[in-house]
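Colleague: my questions concern the predicted model and sequence given below.
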Amino acid sequence: MDNWQIVEQDFRLEEALVNETLFALGNGYLGMRGTFEEGLGPAALEGVYINGFYESAPIIYGEKFQAFAENKQTILNLANAKLIRLRIGDEEFSLLSGKLLSYQRLLDLRTGVLRRSLQWESPQGKQIQLEVERLVLHTRRHVALIRYRLTPLNFDGPLTLLSGIDCAIRQSEHAENDPRLGTNFSGKVLRLQHKSFLGQAVVMVAHRTVTTGFTAVCGIRNVLDAPAACQAVDNDVMGFKYQIAARCGQPVTLDKIMVYVASFDAKAEPAVASIQTAEDELDAAAAAGWSALVAEQRDYLADFWDSADILIEGDDALQRGIRFNLFHLLQAVGRDERTNIAAKGLTGLGYEGHYFWDTEVYVLPFFLYTRPEISRDLLRYRYHILDKARQRARQMSHPRGALYSWRSINGEECSANFPTGTAQYHINADVAFAIRRYYDATGDADFMKSCGVEILCETARLWLDAGDFIPSRGGQFCINGVTGPDEYQILVNNNAYTNLMARENLRFAVQMVSWLRQADAAAYHALAEKIALQDAEPDAWREAAEKMYVPYDAERGIIPQDDAFLSKAVWDFAHTPRDHYPLLLHYHPLIVTRYQVCKQADLLLAEFLLHDQFERAQKLRDFAYYEPLTTHDSSLSGAIFGILAAELGDVDKAYRYFAETATLDLENKHGNTRAGIHAANMAGTWQGIVFGFGGMRAHDGLSFNPTIPAQWRAYAFKVRYRGRLLALRVTPDETRIELLSSEAIEVRLNGVPVRLD
Ligand code: BGC
């Protein structure tokens, strides 16, 4: 099978929801679940999303305390423009009735086209052939296309095609006691604000959210290649009904252009500008024509794959798995500085469309080393919400600095559960770390001057206020009452990951403030004035960094995850039934947190990110200690363990982790892919190849220490670094590094400097 293709050979109703996620299409702005044009009744979860388009409502707490997050924000299912219903005489085409004679659905990762072809026999014995193609264009963020071609196979007779916009929108996939899903809204959240019909082809509707006041315009244009009687339809579905006298063996083709345009300006009334944009986009797409649009998409993706593709020779399933993951990351990532990448991309309502630290620690490296301009947009989003982070810091009684919200769309904290939400202060350091990586890989001084240094200062300030020099710890700087990445150990003192990453945040802020001062005195003074930066502040940050407390257990020779971790009993893994995982769905958080048990990589993540600050022997001991305690109940875990296993020389283990994560969504391994993809894990698999097997580390230069699993003949990847494009190919016998751009560079291969020119 072509390993650029994801193929579904049989239709199985019970897999419909998962497949809707897998076959979702998107372009970072617009996302559409892979539901069928004709629908599947309540068995389907229709979903069309615009990144950052949400409704908000007060969070209802039983007991509410000071500075709890006020409002939730939930991405919305928008009007469904995909709808095309077919009637053959008086029979409605549906996969839930009649007989499916053949069926195939194919997602072509190279061209970005989703195809469905099937033959179906109606209960009365009429047979049709159906070919449907769908695209969400990367080149025109508002535009998606469907080509719907049907051929009567054994009859002449009347057909009716209804192509429109379905405005009866279901919002929720809420489940009790599963925090990974979204929450319900009571009442209607989208109000119809505008509708218009033009000729026999164009429909335009606009909906407005009740609370946030956002407007989503959705438009369609139908082009039918057969003579038809046309009638407008205006109820829950708004569109046109075409009566066609079909002839046996003669295909009828309907091309449908769909556009979505959002306005986030709550004051604009009505959404005149958005409607105009939608009309212009429809016209422009129609003028370009189907073939040109398909070619645009193919060229865009060819360019993407040219630097992003990863080759794995000798394992088709994993090859397909990683390509699928990278394809979805591109589909999910916001590219406008205002939006980011949601934990579930634009494929479902899981986690309510929120952005987390997943972006900075997991997703960003993939874009940084393949499409650096996208990683800049992701970081500019953090700058865009910096004021919200400042406000959050004040709400949390920090007089200075900024505290990024744990989960949010517009930057305001939306986590209703502070122990695993707001308490994860490490997000500040994660953002700072991403900036460090970005600057190292791009040398983008403009970004640092306009945004980067300001974020570093504000996050550094926060640490100084969140922590203290504690006398009983020898005056060392301690950060108490936080939660680290591992959400099973809540509200701990001195989470090692947090302290280590905060130290890095402080050090980098000191370094970059002094750089700015020298590099651009005017920019420095402007910043110092804007944020009232005192000369003494960097000295205070340096002191906190130097005195940062990092727990250590001399007896075991390991770094405890936090102050209390080693004083707890080990979770009784032997008597925990397999179906009690993930633990978060079976035990109160207090039960779990009383034991040594981890949901995900925590200290080990710091040891990977800050790789040159630890001895190998330390990492080996820590890995051996934490691995048996980790359930990997979070999909963010396995990739990190795999990378570290590769670094520590256990290639078999690294391979097992990689194999587990590379097909996590394709094989629905966490059982919840129906609610959306796991974007962080997908990016983790890219890291598994590049940082894991490729052993790439980047900090003041690039180095590689490649290994290769016994199962593979070769693997290859490319990375962009400081304006260069490098290609690596690793086989069991050799590593070849090629410089694909002109300017020479020195890298280290297995510790030895190599000059590439
Ligand atoms: C993980 C977090 C992650 C979130 C969103 C949770 O299950 O524990 O680390 O940020 O999912 O992906």
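Modeller: Received, thanks.
Colleague: so which bits of the protein are right by the ligand?
Modeller: Taking Cβ under 6 Å from any ligand atom as the measure of proximity, the chain contacts the ligand at A343, Y351, F356, W357, D358, P485, E487, K599, Q600, S634, L636, A680. Using the backbone N, CA and C atoms, a C-beta is placed for each residue, glycine as well.
Colleague: which of these has the largest number of neighbours?
Modeller: Greatest neighbour count in those, by other Cβ atoms under 10 Å, goes to P485: 29 neighbours.
Colleague: on that earlier part again, export the residues of the chain next to the ligand to CSV and tack on pLDDT and distance to L666?
Modeller: Below are the residues of the chain next to the ligand laid out as CSV (pLDDT from 0 to 100; distance: Cβ to Cβ, whole Å):
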residue, pLDDT, distance to L666
A343, 98, 18
Y351, 96, 20
F356, 98, 22
W357, 98, 25
D358, 98, 19
P485, 98, 25
E487, 98, 25
K599, 98, 23
Q600, 98, 21
S634, 98, 19
L636, 98, 18
A680, 98, 16
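Colleague: can you put these in JSON lines and add secondary structure?
Modeller: What follows is the residues of the chain next to the ligand, written out as JSON lines (DSSP: H, G, I helix; E, B strand; the rest coil):
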{"residue": "A343", "secondary structure": "coil"}
{"residue": "Y351", "secondary structure": "helix"}
{"residue": "F356", "secondary structure": "coil"}
{"residue": "W357", "secondary structure": "coil"}
{"residue": "D358", "secondary structure": "helix"}
{"residue": "P485", "secondary structure": "coil"}
{"residue": "E487", "secondary structure": "coil"}
{"residue": "K599", "secondary structure": "coil"}
{"residue": "Q600", "secondary structure": "coil"}
{"residue": "S634", "secondary structure": "coil"}
{"residue": "L636", "secondary structure": "coil"}
{"residue": "A680", "secondary structure": "helix"}
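Colleague: please convert those to CSV, extending it with distance to Y300.
Modeller: Output for the residues of the chain next to the ligand, formatted as CSV (distance: Cβ to Cβ, whole Å):
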residue, distance to Y300
A343, 25
Y351, 28
F356, 28
W357, 29
D358, 25
P485, 35
E487, 37
K599, 38
Q600, 34
S634, 33
L636, 29
A680, 24
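Colleague: between these, which is nearest T370?
Modeller: Nearest to T370 among those is A680, at 16.7 Å by Cβ to Cβ.
Colleague: residue ranges in the stretch 151-300 of the chain under the pLDDT threshold?
Modeller: 173-184, 186-187, 268-270 (pLDDT under 70).
Colleague: ok, which stretches of the stretch 51-200 of the chain are strands?
Modeller: In the stretch 51-200 of the chain, the strands defined using DSSP state E, counting those that start in this stretch lie at 54-58, 71-75, 84-88, 91-92, 99-108, 113-121, 127-136, 143-152, 157-166, 190-198.
Colleague: okay, now the sheet partners of the fourth one, with direction.
Modeller: Paired strands of strand 91-92, with direction, are strand 84-88 (antiparallel) (DSSP bridges).
Colleague: just the buried residues of the strand it pairs with, please?
Modeller: Judged by neighbour count using 16 or more other Cβ atoms under 10 Å, the buried positions of strand 84-88 are I84, R85, L86, R87, I88.
Colleague: now, among the residues of the chain next to the ligand, which is nearest to G213?
Modeller: Closest to G213 out of these is Y351 (23.4 Å), distances taken as Cβ to Cβ.
Colleague: ok, that closest one touching W406?
Modeller: No. In this structure Y351 lies outside contact range of W406 using Cβ atoms under 8 Å: 11.4 Å.
Colleague: in this protein, where's the longest helix?
Modeller: Determined from DSSP state H, the single longest helix within the chain is helix 496-519.
Colleague: list the buried residues in it.
Modeller: Going by 16+ other Cβ under 10 Å, helix 496-519 has these buried residues: 496-510, 512-513, 515-517.
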